[in-house]
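> Here is my input, please return the structure:
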Amino acid sequence: MFTDFARIHIRAGKGGDGHVSFRREKFVPAGGPDGGDGGRGGDVIAVVDKGMNTLFFYKHRYAFKAGDGGNGEKRRRHGSDAQDLILKVPEGTIIREASTQKVIADMSGGNERQVLLKGGRGGRGNMNFATSVNQAPRYAEPGKPALELDVTLELKLVADVGLVGFPNAGKSTFLSRVSNAQPKIADYPFTTIQPNLGVVDFGDGRGFVIADMPGLIEGASEGVGLGHQFLRHIERTRVIIHLVDAASFDGRDPVEDIRAIHKELETYNPAIMEKPIIIAANKIDALSGLKDDPVGRIKAAFENEGYKVYAISAVTGEGVDALLRDTMNILETTAPESVYYEQEYFPELEAAEELPYTIVEEYDRSGEKIFRVEGPRIEKMLSFYNLASEKGFVKFQKFMENSGINKELEEAGIKEGDTVRMYGHAFDYYPEETDIDTGDDENADE
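Residues are numbered from 1 along each chain as shown. Below you'll find the predicted structure:
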């Protein structure tokens, strides 16, 4: 069964606890602490499975949990690291945080593997805390707690060409003729209850993937009927073939049908109407004896608006080759436009928002005033961003602004050009600039 939406709960593994123990062997008095470290908790990782085309596996299963790290043991034995939890998803799946609907991962555009939640770090055993003053520490670190989230999975099919039209326009028949797909074909509204993918092969190494979108009706963009459930799949296509029943077997006006579908596409997402759209007037094999010339009316209505109109018969194949060749030419001469959703939600950073931090005004050895920003939130944030890259530093600046740290620095009296230090990093403060010195501060007064 085709499923393109699911909501699940994911949980990373907790880090194993560090161990408290002491070496006790014959002839080795006061052997010292030998408690081992806890193991790492398992990550939750999304991986693209090219053989999947549905989220049905997640439809009736809600909770997914990675393993917890093993606890440390005596004799300096490290707890076992837990296995990661792999969530296989179809290409084109968008994973969002459920309450905010912010994007965590878009599994498309070459992104075939992404860590959604990192497992907790194992706690250190008491062997790590021995000092000259305290040679027998009786404490160890607990493992870091597990992160968990409710997320939604939304599949947006990745296809070169999207096939749209009202029910009974002949889309399934067309798809079965031009590709290797074998959709069910019948003359009933919404016979196609799932998108069908097919490959059009020209036999010379060229070809494209075409997706048959279930029949739309007026009001689909507002949730009417079944077609609204599949509008999301059109967003990733590069070209749209709009199939219309030129023979008007249902007594409909093909010109009005085309305008109605275009209205639904534009209402759902105006960017869709900026894609190349080809109109295919289908069922010309059934036009003999009609006084009206529906194909001529369609051409008169839409060719002046820049649309190409092809008269075809999905049953006999008339006109289909020319339509496919033109579609292939458009794909080859149009720069690929990848619809990729950037990550908006960072689970570790969101968890860090609850952690404390401090801002202290002080002076370094040369007498220069500096502002030192430290605390668990800052330490976690710095471990998350790659400040050596421009993209990472821009995200770092957004964190400083959105978390309110910049505002607190200003309230503390920081001025433009003053120095901010964070765990060995030094920054010159320019509140409205992005090109800030991000070099490590080798002389940081730690």
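> I'd say I234 and H242 touch.
No - assessed by Cβ atoms under 8 Å, I234 is found out of contact with H242, at 10.9 Å. In short, each C-beta sits where N, CA and C put it, glycine included.
> which residues are common contacts for these two?
The contact sets of I234 and H242 overlap at V164 (Cβ atoms under 8 Å, 6 or more residues apart in numbering).
> So V255 belongs to a strand, correct?
No - under DSSP: H, G, I helix; E, B strand; the rest coil, V255 falls outside any strand and is assigned helix.
> Which helix or which strand is home to V200?
For V200, the enclosing helix or strand under DSSP states H and E is strand 196-201.
> Please apply the same query to R297.
For R297, the host element (DSSP H and E) is helix 294-302.
> Contacts for the next helix or strand after that helix, please.
Toward the C-terminus, helix 294-302 is succeeded by strand 308-311 as the next helix or strand (DSSP H and E). With contact meaning Cβ under 8 Å, 6+ apart, strand 308-311 is reached by 246, 278-281, 284, 295, 298-299, 302-303, 318-319, 322-323, 326.
> ok, now stretch 279-290?
Stretch 279-290 is contacted from outside by 169-170, 174, 241-247, 249, 254, 258, 294-295, 298, 302, 307-316, 318-319, 323, using Cβ under 8 Å, 6+ apart.
> Quick one: buried ones out of those residues?
Buried members of those, counted by 16 or more other Cβ atoms under 10 Å: 169-170, 174, 241-247, 254, 258, 294-295, 298, 302, 307-314, 319, 323.
> Spatially central residue for the protein, please.
D106 (1.8 Å; Cα atoms, centre = their mean).
> Now the element after the one helix or strand that one maps to, going C-ward?
Following DSSP H and E, the helix or strand that holds D106 is strand 103-107. For strand 103-107, the following helix or strand on the C-terminal side (DSSP H and E) is strand 113-117.
> In space, what's closest to T173 - neighbours in sequence excluded?
Distance criterion Cβ to Cβ, 6 or more residues apart in numbering; nearest residue to T173, sequence neighbours excluded, is A314 at 4.2 Å.
> The one you found touches F174, doesn't it?
Yes - look at A314 against F174 with Cβ under 8 Å: they come within range, at 4.0 Å.
> what do the two both touch?
Common contacts of A314 and F174, defined by Cβ under 8 Å, 6+ apart, comprise 243, 282, 320.
> out of the residues you listed, which one sits closest to G404?
L243 (53.6 Å; Cβ to Cβ).
> Can you verify the closest one is assigned to a helix?
No - according to three-state DSSP, L243 belongs to no helix; its state is strand.
> my read: D43 touches L117, true?
Yes - with contact defined as Cβ under 8 Å, D43 and L117 form a contacting pair (6.5 Å).
> Which one's more surrounded, the two?
L117 (25 against 19; other Cβ atoms under 10 Å).
> what sits against that one?
Neighbouring residues of L117 by Cβ under 8 Å, 6+ apart: 10-12, 43-44, 66, 146-149, 347.
> where's it relative to K144, distance?
For L117, the distance to K144 (Cβ to Cβ, to the nearest Å) stands at 12 Å.
> anything in contact with each of the two?
With Cβ under 8 Å, 6+ apart, L117 and K144 have no common neighbours.
> returning to that earlier point: just checking, what packs against the strand holding V200?
helix 171-178, strand 207-212 (3 or more Cβ pairs under 8 Å, 6 or more residues apart in numbering; DSSP states H and E).
> From what I see, K74 and G36 are in contact.
Yes - the pair K74 and G36 qualifies as a contact (Cβ under 8 Å) at a distance of 7.2 Å.
> Of these two, which one has the most company?
Taking other Cβ under 10 Å, K74 and G36 do not tie; G36 has more neighbours (26 against 17).
> residues contacting the more buried one?
Neighbouring residues of G36 by Cβ under 8 Å, 6+ apart: 18-19, 72-79, 125, 127.
> again, 6 Å this time
Applying Cβ atoms under 6 Å, 6 or more residues apart in numbering to G36 gives the contacts 19, 72-73, 76-78, 125.
> for the stretch 151-300 of the chain, what spans make up the strands?
161-164, 196-201, 207-212, 239-245, 277-282 (DSSP state E, counting those that start in this stretch).
> list the buried ones in stretch 255-274?
255, 257-258, 260-262, 264-265, 268, 272.
> farthest pair in those residues?
V255 and Y268 (21.1 Å).
> and the helix or strand of the chain with the lowest mean pLDDT, C-alpha only, in CSV?
Every helix and strand of the chain was ranked by mean pLDDT, DSSP states H and E. The lowest is helix 376-384, at a mean of 74. The C-alpha trace of helix 376-384 is given here as CSV (Å, rounded to 0.1, in the frame of the first residue of the first chain):
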residue,chain,number,x,y,z
PRO,A,376,27.3,24.2,28.9
ARG,A,377,25.1,25.8,26.2
ILE,A,378,28.1,27.5,24.6
GLU,A,379,30.3,24.5,24.8
LYS,A,380,27.7,22.3,23.1
MET,A,381,27.0,25.0,20.5
LEU,A,382,30.7,25.2,19.6
SER,A,383,31.0,21.5,19.2
PHE,A,384,28.1,21.5,16.8
